[in-house]
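Peer 1: Sequence unavailable; structure follows:
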């Protein structure tokens, strides 16, 4: 069952972002990941 809300992952390491994204998505979270803090701040 999908959980409410969205998780934003900000890390400059592609492997870390991908691993965390997959883990959180498998637990039902909606995830967006960014390689720089500037991207989500401007969104």
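Peer 2: Received the coordinates, thanks. Predicted model only: the values in this text are computed from it and were never measured.

Peer 1: ok, how many other residues are close to residue 34?
Peer 2: If you count neighbours by other C-beta atoms under 10 Å, residue 34 ends up with 17. For every residue, glycine as well, the C-beta is placed using N, CA and C.

Peer 1: For residue 27, grab the count of nearby residues.
Peer 2: 11.

Peer 1: Please apply the same query to residue 5.
Peer 2: Neighbour tally, residue 5, other C-beta under 10 Å: 7.

Peer 1: now do residue 17
Peer 2: A count of nearby residues for residue 17, using other C-beta under 10 Å, gives 18.

Peer 1: Show me how far the host helix or strand of it is from its chain's centre.
Peer 2: Using DSSP states H and E, residue 17 falls within helix 14-26. Offset of helix 14-26 from its chain centre (C-alpha atoms, centre = their mean, to the nearest Å): 7 Å.

Peer 1: Stretch 14-34 now?
Peer 2: Its chain's C-alpha centre and that of stretch 14-34 lie 5 Å apart, by C-alpha atoms, centre = their mean.
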